[in-house]
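Undergrad: Below are the sequence and a predicted model; questions follow.
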Amino acid sequence: MVNIQDVIQKIVKEALSGAGVEVGEAEIVLEHPADLAHGDYSCNIAMRLAKELGKSPRELAENIVSALPKSEYISKAEVAGPGFINFYLSKEFFERSLSEVIKEKESFGKGGQLKDKKILLEHSSPNLFKPFHIGHLLNNTYGEALTRIIGFAGADVVKISFPSDVSPGIAKAVWGIIETGVIDDFTIEQIGDAYVHGSNAYKEDANAKERIDEINKNIYKKDESTLEYKIYKRGRQISLEYFEQITERLGSEFNELIFETDAEIIGKRIVIENTPKVFEESDGAIIFRGSEYGLFDNVYINSAGFGTYLAKDTGLLSIKFSKYDFDKSVTITDIEQKQHFELVKKSAEFINKDWAEKSDYLQHGRLSLTTGKISSRSGGVPLATDILNAVNERAMVRATEAKSEMTNETAEMIAVGAVKYTIIKVSMGKNIIFDMEKSLSFEGDSGPYLQYTYARCKSVLAKAPPKRGETNVQIPKDWEVTNIEKLLYRFPEVVERAALEYEPHYIANYLNDLASAYNSWYGQGKILDGSDNEHYKLALTEATSHAIKNGLYLLGIETPERM
RNA sequence: GCUCCCGUAGUUCAAUGGAUAGAAUACAGGUUUGCGGAACCUGCGAUUUAGGUUCGACUCCUAACGGGAGCACCA
């Protein structure tokens, strides 16, 4: 594809040079005006240089415009507002970019910004013995989207998840299972209930607390002779199967699961080896003095001799670095763990500088609910499956009301799309307020709206007469360029920005703009009208369908051909 | 209490330091018997407050007010 930014920068540089002003191309910043009516690119160089050249910004801008060399890709350049230079791209450019979209199809949007980079991406780490709840849904959605986006930008992505398979919380659940007597076989739901039961007992009942602590020790020690270890093993298995099932339903898979039990052993060893160099003893525990670096002190090995979350994450670093060769390790978690990872990273700096420098810890916001419509098990937290099932059902009802056929497969795509889109359209760090009735809309700025637009495109294309020379797009002479062309060529830029900033929501916002431009244009006239322009209108439709399909894929959302 | 994050239409979200702050939803009205009405069009409506920085501030700085997170053996 033509690097249009490069073209514009070159001619602006030349124009300035003619006036005796030398600037580097990097100083010529181009941006898309907020309003499509203001042109395709705007440049603020005149406002930046005006002061030192002793001219008014508008005057300087006029000078630049009149000195601009001609380019076949620029139809017009004009001065606007306080001194912007607005560039309007030519029909030749749009014709060319449109045929490239159609040629590239499913690779449209792929870029090379992260070519030859190896990235380890860790997300969706479950707490075994606790069901996959709404928070995990958030984590998985961002994690899966980033995996795909970074991959599209050319990187080689290794997907990792770090299940917590040993913790006092797990001991509470195991205690609950023993207590309720469902020790022979049990379900994931029963594990959830047992966890709530155990947590409450731990706080209220001293005997239970003592027994839970003992269970915890036996699990840490992997004492196979005990009843609790047998139950633990079975529960761990059930939890893992559940994890695989739900992540598959959400469309993600992992190259490797690294378990906390393994990380704990290694982490503990590292902490001990680095005491007192990095860590120190305090009240029978081994801690890191984060307070000396503006953070806080916290325990790495507790007084019972077990590695805490901090030691486990340190051990995980060691495992990652010894097993894989990569440029960056990216970990995605909830915002509440932000300070925790700052501490991990700070202490890692003193153990192995590489560990700190090559690790990025990203956080997404928390999700809160406004309505209590979703049935909630285990401590009032709605499960991912409950939410998906409820939305799936609504998609079915919606289809029945509209008297259209709906397979369960399609309903599932719509449900997953609606839920994921609600999450992903918000910038990553922000908390999300989730309302089953409003947020999970099928209308307007929503996943199903984009899916619908795609299905609509496909439907038109299916009815089209056999095309002539499909990849050779010819723009009609009397054609007025629409917002669709003006948006389409930007897709690769949007993907690039999302990949470099780790912000999938740029893609969601872009797709919504594109779909709404398409639907708006669609409503204005007929595509299959038998005219000479029909061919071009179909090309526009096909290109839109590729952008939407690829964009939704990057968000982890499937596109049904019909809905 | 200390540290960090966030305050935008009634509601849920956008907006590289740029132009008239953009959508969706809700509400009100409309869409020539036309390829998919999960759509389209019109209207209504917002930057918490007070200072500062500059050609220009939702965005950066300071303070107040409001909300959230973290702060020693949970993860």
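TA: Sure thing, it's come through. Numbering: from 1, shown residues only, chains lettered A, B, ... in the order given.

Undergrad: ok now do residue A:105, which residues does it touch?
TA: Contact analysis of residue A:105 by C-beta atoms under 8 Å, 6 or more residues apart in numbering lists residue A:546. C-beta coordinates here come from the backbone N, C-alpha and C atoms, glycine included.

Undergrad: Give me the secondary structure label for it.
TA: helix (DSSP: H, G, I helix; E, B strand; the rest coil).

Undergrad: Residue A:382 too?
TA: Residue A:382 ends up strand, using three-state DSSP.

Undergrad: Show me what residue of chain A gets nearest to RNA strand B.
TA: Of all residues in chain A, the one sitting closest to RNA strand B is residue A:444 (1.8 Å; C-beta to the nearest atom of the strand).

Undergrad: If you tally nearby residues, what's the number for that residue?
TA: Other residues near residue A:444 number 9, with proximity taken as other C-beta atoms under 10 Å.

Undergrad: Now name the helix or strand holding it.
TA: According to DSSP states H and E, residue A:444 maps onto no helix or strand at all.

Undergrad: repeat for residue A:215
TA: Per DSSP H and E, the secondary structure element for residue A:215 is helix A:206-220.

Undergrad: which strands and helices sit next to the next helix or strand after that helix?
TA: Remark: after helix A:206-220, the chain's next helix or strand is helix A:227-249, criterion DSSP H and E. On a contact count with 3 or more C-beta pairs under 8 Å, 6 or more residues apart in numbering; DSSP states H and E, helix A:227-249 meets helix A:168-180, helix A:188-204, helix A:206-220, helix A:384-401.

Undergrad: helices or strands up against the longest one?
TA: Helices and strands touching helix A:384-401, as assessed by 3+ C-beta pairs under 8 Å, 6+ apart, comprise helix A:134-152, helix A:227-249, helix A:408-424.

Undergrad: Flag the shaky bits of chain A, pLDDT-wise.
TA: Scanning chain A for pLDDT under 70 picks out the ranges A:1, A:370-381, A:439, A:467-472.

Undergrad: Domain ranges for it, per the record?
TA: Here the domain assignment for chain A is A:4-89, A:168-249, A:376-554, based on automatic domain parsing.

Undergrad: how about the ones you listed in JSON lines, adding distance to residue A:292?
TA: Shown next, in JSON lines, are those (distance: least, C-beta to C-beta, whole Å):
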{"stretch": "domain A:4-89", "distance to residue A:292": "40"}
{"stretch": "domain A:168-249", "distance to residue A:292": "28"}
{"stretch": "domain A:376-554", "distance to residue A:292": "27"}
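
Undergrad: So residue A:160: helix, strand or coil?
TA: strand.

Undergrad: you'd agree it is up against residue A:253?
TA: No: in this structure residue A:160 lies outside contact range of residue A:253 using C-beta atoms under 8 Å: 11.3 Å.

Undergrad: These two - which one has more neighbours?
TA: When neighbours are counted by other C-beta under 10 Å, residue A:160 and residue A:253 differ, and residue A:160 comes out ahead with 24 against 12.

Undergrad: For the stretch 301-450 of chain A, what lies in contact range of RNA strand B?
TA: Within the stretch 301-450 of chain A, the positions near RNA strand B by C-beta under 7 Å from any atom of the strand are A:302-304, A:306, A:308-309, A:312, A:335-340, A:366, A:395, A:398-399, A:402, A:404, A:406, A:414, A:425-427, A:429-433, A:435, A:438-439, A:441-446, A:448-449.

Undergrad: show me what contacts residue A:269?
TA: Residue A:269 touches residue A:315, counting by C-beta under 8 Å, 6+ apart.

Undergrad: State the distance from it to residue A:355.
TA: In this view, residue A:269 and residue A:355 are 15 Å apart by C-beta to C-beta, to the nearest Å.

Undergrad: Helices along the stretch 351-500 of chain A, start to end?
TA: A:353-357, A:384-401, A:408-424, A:447-463, A:483-488, A:491-501 (DSSP state H, counting those that start in this stretch).

Undergrad: what about the residue nearest to residue A:46 when sequence neighbours are not counted, which SS state?
TA: Spatial nearest neighbour of residue A:46, excluding adjacent residues (C-beta to C-beta, 6 or more residues apart in numbering): residue A:61 at 3.7 Å. Secondary structure assignment for residue A:61 (three-state DSSP): helix.

Undergrad: you'd agree residue A:61 is up against residue A:83?
TA: Yes: in this structure, residue A:61 is within contact of residue A:83 by C-beta under 8 Å, at 4.7 Å.

Undergrad: can you redo the helices and strands packed on helix A:227-249 as a markdown table with mean neighbour count?
TA: Formatted as a markdown table, the helices and strands packed on helix A:227-249 follow (neighbours: other C-beta atoms under 10 Å):
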| stretch | mean neighbour count |
| --- | --- |
| helix A:168-180 | 23 |
| helix A:188-204 | 19 |
| helix A:206-220 | 17 |
| helix A:384-401 | 17 |
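
Undergrad: Please list all residues in contact with residue A:106.
TA: A:546, A:549-550.

Undergrad: Can you check those and name whichever has the most neighbours?
TA: residue A:550 (25 neighbours).

Undergrad: that's a strand at that one, yeah?
TA: No: under three-state DSSP, residue A:550 sits outside any strand and is assigned helix.

Undergrad: wait, it sits on residue A:111?
TA: No: Residue A:550 is not in contact with residue A:111 according to C-beta under 8 Å; the separation is 11.9 Å.

Undergrad: highest average neighbour count across the helices and strands packed on helix A:384-401?
TA: helix A:134-152 (a mean of 25; mean count of other C-beta atoms under 10 Å).

Undergrad: quick one: it to chain centroid distance?
TA: Chain-centre distance of helix A:134-152: 4 Å, with C-alpha atoms, centre = their mean, to the nearest Å.

Undergrad: does any bit of it sit next to RNA strand B?
TA: No: judged by C-beta under 7 Å from any atom of the strand, helix A:134-152 makes no contact with RNA strand B; its nearest approach is 11.1 Å.

Undergrad: for stretch A:48-64, same thing?
TA: Yes: contact between stretch A:48-64 and RNA strand B is present through A:48, A:51, A:57 (criterion: C-beta under 7 Å from any atom of the strand).

Undergrad: For those, pick the one with the most neighbours.
TA: Result: residue A:57 is most packed of the residues of stretch A:48-64 next to RNA strand B (other C-beta under 10 Å), 21 neighbours.

Undergrad: isn't that one right next to residue A:63, touching?
TA: No: assessed by C-beta under 8 Å, residue A:57 is found out of contact with residue A:63, at 10.8 Å.

Undergrad: The stretch 101-250 of chain A against RNA strand B: which residues are in contact?
TA: Close to RNA strand B, as judged by C-beta under 7 Å from any atom of the strand, the stretch 101-250 of chain A has residues A:127, A:164, A:167-169.

Undergrad: Tell me the buried residues in stretch A:530-537?
TA: For stretch A:530-537, a neighbour-count test (16 or more other C-beta atoms under 10 Å) marks A:533-537 as buried.

Undergrad: Among these, which one lies nearest to residue A:257?
TA: residue A:537 (49.2 Å; C-beta to C-beta).

Undergrad: Compute the distance between the closest one and residue A:484, please.
TA: 10 Å.

Undergrad: for residue A:49, same thing?
TA: For residue A:49, the distance to residue A:484 - C-beta to C-beta - is 35 Å.

Undergrad: returning to that earlier point: have a look at residue A:61 and residue A:83 and say which one is more surrounded.
TA: Between residue A:61 and residue A:83, counted using other C-beta under 10 Å, the more crowded position is residue A:61 (28 against 23).

Undergrad: Okay then, goodbye and thanks.
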